[in-house]
Every structure is written in structure tokens, then in C-alpha cells.
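# Need coordinates for the following:
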Amino acid sequence: MRADTQPLDGLLVVELAWYLPIAFAGSELVRLGARVVRIEPPNGDPLRTTAPAWDRALRAGKESVTCDLKADVAFARSLCTRADVVLEGLRPGVAARLGIGADDLPASIVHCSITGFGAEGPHAQRAGHDLNYLGWAGVLEDTQTWPPVQIADLAAGGLGAVTEVLAALVRRSRTGEGARLSVSMTHRSHGLVRHRLGEEPGAQTLTGALACYRVYPTADGRHLTLGALEPRFFARVCELIGRTELSERQYGDAQDQLARELEAAFATRPLADWLELFDAEDVCVGPVATRAEAAAEFGVPLSGDRDPELGAHTAAWRAELGV
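Below you'll find the predicted structure:
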């Protein structure tokens with residue numbers, strides 16, 4: 001999105017939670033132009049100490065207000081009352097018991113709660129983190145290991161909340177009515193795999209079953225991605241690596257044997273050589289880039305104050321609210 005395009009300019013968003021899901025959702029709304037205020041406990045979001053680099057990135061462009069919710073909930077409630085959107089990630093029922101739940105706020109506010117398992121049901125009060133939610137949701141069935149990104153926190157929870165919030169804001173612009181939204185990270189994570197429920201048991205089409213859709217090591221210890229699902233792409237890859245006869249086996253039964261032969265071929269040259277060879281070709285091959293390499297090519301600079309001090313905006317908000 002262009003820097004001069006700010007569809008949420010003028011909207012106030014308050015974050016009432018800590019750790020990844022709410023923080024990521026808020027950072028997406030910052031990117032879209034919203035003014036986002038984080039309500040943090042007096043010692044700060046635990047992410048500040050457990051993962052400071054993550055925290056710096058996710059609080060970029062936001063304001064920081066400190067508040068002890070048990071001792072001074074009136075301040076937090078006054079701030080939330082001013083908001084257009086409240087993002088809340090406390091365990092179900094906690095915000096309401098403190099007097100800062102959705103029903104304690106004006107009906108015109110879009111209030112979105114992100115939970116592990118939903119506000120109700122047998123798992124509602126169950127503690128968990130990203131890996132637990134993905135396990136419950138059936139996402140890990142094929143690999144039975146942890147993914148390199150927090151899918152439940154960021155995609156199911158954070159982006160799931162942003163989707164619901166943006167839809168509710170469109171509706172509010174038409175009707176003037178706010179919304180009470182609930183996003184379950186487990187339910188949303190299951191939504192990412194539910195299209196596979198009707199497939200044959202054990203099918204792993206895009207999770208290791210096919211040799212033409214895997215990651216292969218190169219001679220220098222790096223890796224490349226091969227995603228040549230279409231026969232014409234795979235045939236061209238086989239031609240370029242000097243193994244044209246392999247193309248006829250693309251969807252044959254001996255996928256692991258085919259993968260071993262591809263692995264042997266890719267192991268003969270360093271990653272840079274392969275990328276140079278494939279660069280002008282229409283073949284669905286790419287690098288396993290480092291995060292730094294990816295940032296240099298695809299990263300978007302963070303806007304606003306990159307590292308607001310804990311509670312830096314507390315005094316200004318107290319003065320404005322008279323609390």
C-alpha cells in the first residue's frame with residue numbers, strides 16, 4: 001500500500017492484551033493508518049523482555065500507556081471508551097470481571113476478542129500457545145512438528161481479527177452500529193485445513209508427498225525451493241539440470257526415489273549458480289532466503305516511532321481523559 005494511502009486514518013484503536021496475536025493485529029492496523037494505543041501492565045508487555053526484537057517490531061508506530069487494570073481500571077475504560085476499535089486478548093471472562101469487557105463500552109465500538117478456543121465451550125478456559133492451538137486444529141497432522149512461523153497467533157488470530165474488524169468497520173460506516181467480535185485461534189487455524197477433510201487418509205500432496213514440491217540442499221549448504229507442480233514447469237527443470245528423463249516420473253509411485261535423484265542433482269552446485277540458471281526461466285524455483293535477505297528485497301520499512309518507551313504516552317492520555 002502506498003504511503004499516501006491511509007484508509008484508517010483518524011481511527012483510534014486500543015490494544016488490551018499482550019504477546020503476539022493482539023500486537024500483530026494492531027501492527028496491521030497501524031500499517032493501514034490507524035492510531036493505535038497499547039495498554040500495558042506497569043512492567044510492560046512480557047514480550048518486551050522475552051522477545052525484545054519481536055516486541056520492537058510489533059510496537060512500531062504505536063503509543064504506549066501503562067495501567068494496572070486491577071487497581072485503576074477506570075483509566076483503561078475511559079481510554080477504551082474513546083476508541084473506534086478495541087482489541088482484547090485476555091482469557092474469556094477476565095475483562096468483564098474487571099469492568100472493561102465489551103458490554104462495559106459504548107455500543108458504537110468495534111470490540112474484537114482473540115481467544116485460544118473461543119468464549120464458550122469445553123476448552124474456553126484452557127491455557128495454550130500457538131503450538132497447542134495448531135495441534136488441536138489438525139494443522140500438524142502431516143508434519144507433527146512446529147512450523148517456523150506462529151500460524152495460530154499471526155494468521156488465524158491476528159489477521160483473522162483484522163479481517164473481522166475491517167468488515168465490522170464497513171458495516172458501522174453504513175449503520176452506525178459497532179460490533180462484538182470473537183476470534184478463536186484454534187477454530188480459525190482449523191479453517192486453514194478444513195478444505196482437506198475429504199481427501200484420502202494420509203494424503204500429503206503439498207506437505208512432502210511429491211518430489212516436485214520440496215526443498216533441496218545445494219552444494220554450499222543452502223537450500224532451494226522446488227514448486228514445479230505443473231508438468232511443463234517440471235519438465236523444464238529436469239531439462240535445465242540435465243536430467244530430462246526424470247520428467248516422466250513426476251507423478252509416479254516412487255516419489256522418494258525421484259526426490260533422491262533430484263537431491264543429488266541439486267547438490268552439485270551452490271545456490272547462487274542455480275538461481276542464476278533459473279532466473280529467466282518459468283519454472284517455480286527459488287531460494288530459501290534468510291530473513292535478512294528477504295527483508296532487503298521484500299521488506300517494508302516500519303513507520304512512525306520505532307521504539308516508544310514503556311508508558312511514554314500515559315501522562316498525555318490521563319490529561320486528555322481527566323483520569
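# In PDB, list the C-alpha atoms belonging to the host helix or strand of Arg236.
For Arg236, the enclosing helix or strand under DSSP states H and E is helix 231-240. Output of helix 231-240 as PDB, limited to C-alpha atoms (Å, rounded to 0.1, in the frame of the first residue of the first chain):
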ATOM      1  CA  PRO A 231       4.200 -30.800 -15.900                       C
ATOM      2  CA  ARG A 232       5.600 -28.100 -18.200                       C
ATOM      3  CA  PHE A 233       7.400 -26.500 -15.200                       C
ATOM      4  CA  PHE A 234       8.800 -29.700 -14.000                       C
ATOM      5  CA  ALA A 235       9.900 -30.800 -17.500                       C
ATOM      6  CA  ARG A 236      11.800 -27.600 -18.000                       C
ATOM      7  CA  VAL A 237      13.500 -28.000 -14.600                       C
ATOM      8  CA  CYS A 238      14.600 -31.500 -15.500                       C
ATOM      9  CA  GLU A 239      15.900 -30.200 -18.800                       C
ATOM     10  CA  LEU A 240      17.900 -27.500 -17.200                       C
END
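# average model confidence for that helix?
For helix 231-240, the mean pLDDT works out to 98.
# do the same with stretch 110-128
Rounded mean pLDDT across stretch 110-128 is 94.
# again with stretch 316-323
94.
# Can you dump the C-alpha atoms of that stretch in CSV for me?
What follows is stretch 316-323 as a C-alpha-only set of coordinates in CSV (Å, rounded to 0.1, in the frame of the first residue of the first chain):
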residue,chain,number,x,y,z
ALA,A,316,-0.8,12.8,27.9
TRP,A,317,-3.8,10.4,27.8
ARG,A,318,-4.5,10.9,31.5
ALA,A,319,-4.6,14.6,31.0
GLU,A,320,-6.8,14.3,27.9
LEU,A,321,-9.2,12.0,29.7
GLY,A,322,-9.1,13.7,33.0
VAL,A,323,-8.5,10.4,34.8
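# and it, how far from the chain's centre?
Averaging C-alpha positions (CA atoms, centre = their mean, to the nearest Å) puts stretch 316-323 33 Å from its chain's average.
# And for stretch 49-57?
How far stretch 49-57 lies from its chain's middle: 16 Å, per CA atoms, centre = their mean.
# Against Ala119, how distant is Leu131?
22 Å (CB to CB, to the nearest Å). In this view, the C-beta of every residue, glycine as well, is placed from N, C-alpha and C.
# let me redo that: Asp84
Taking CB to CB, one finds Asp84 at 22 Å from Ala119.
# Surely Asp256 touches Ala211?
Yes: when contacts are counted by CB atoms under 8 Å, Asp256 is listed as touching Ala211 (7.5 Å).
# Compare the two and say which is more crowded by neighbours.
The neighbour count for Asp256 versus Ala211, taken as other CB atoms under 10 Å, is higher for Ala211 (25 against 10).
# Quick check: next helix or strand after the lengthiest helix in the chain?
Counting residues, the longest helix found in the chain (DSSP state H) is helix 160-175. Using DSSP H and E, the helix or strand that follows helix 160-175 towards the C-terminus is strand 179-184.
# Quick one: residues in contact with that following strand.
The contact list for strand 179-184, computed with CB atoms under 8 Å, 6 or more residues apart in numbering, reads 102, 110-119, 156-157, 160-161, 164-165, 168, 171-172.
# name the helices or strands packed onto the helix holding Arg236?
Packed against helix 231-240 by the contact rule (3 or more CB pairs under 8 Å, 6 or more residues apart in numbering; DSSP states H and E) you find helix 271-278.
# Does anything pack onto the helix it packs on? Which helices or strands?
Using 3+ CB pairs under 8 Å, 6+ apart, helix 271-278 sits against strand 223-227, helix 231-240, strand 285-287.
# other SSEs contacting the last one?
On a contact count with 3+ CB pairs under 8 Å, 6+ apart, strand 285-287 meets strand 223-227, helix 271-278.
# For that strand, buried residues please.
Neighbour-count burial for strand 285-287 flags Val285, Pro287 (criterion: 16 or more other CB atoms under 10 Å).
# and Gly44, what does it touch?
By CB under 8 Å, 6+ apart, the contact set of Gly44 is Thr66, Leu310.
# returning to what we had before: more crowded one of Asp84 and Ala119?
Neighbours were counted for Asp84 and for Ala119 using other CB under 10 Å; Asp84 has more, 19 against 15.
# How many neighbouring residues does the closest residue in space to that one that isn't next to it in sequence have?
Once flanking residues are discounted, Asp84 sits nearest to Leu11: 4.5 Å by CB to CB, 6 or more residues apart in numbering. Counted with other CB under 10 Å, the neighbours of Leu11 add up to 19.
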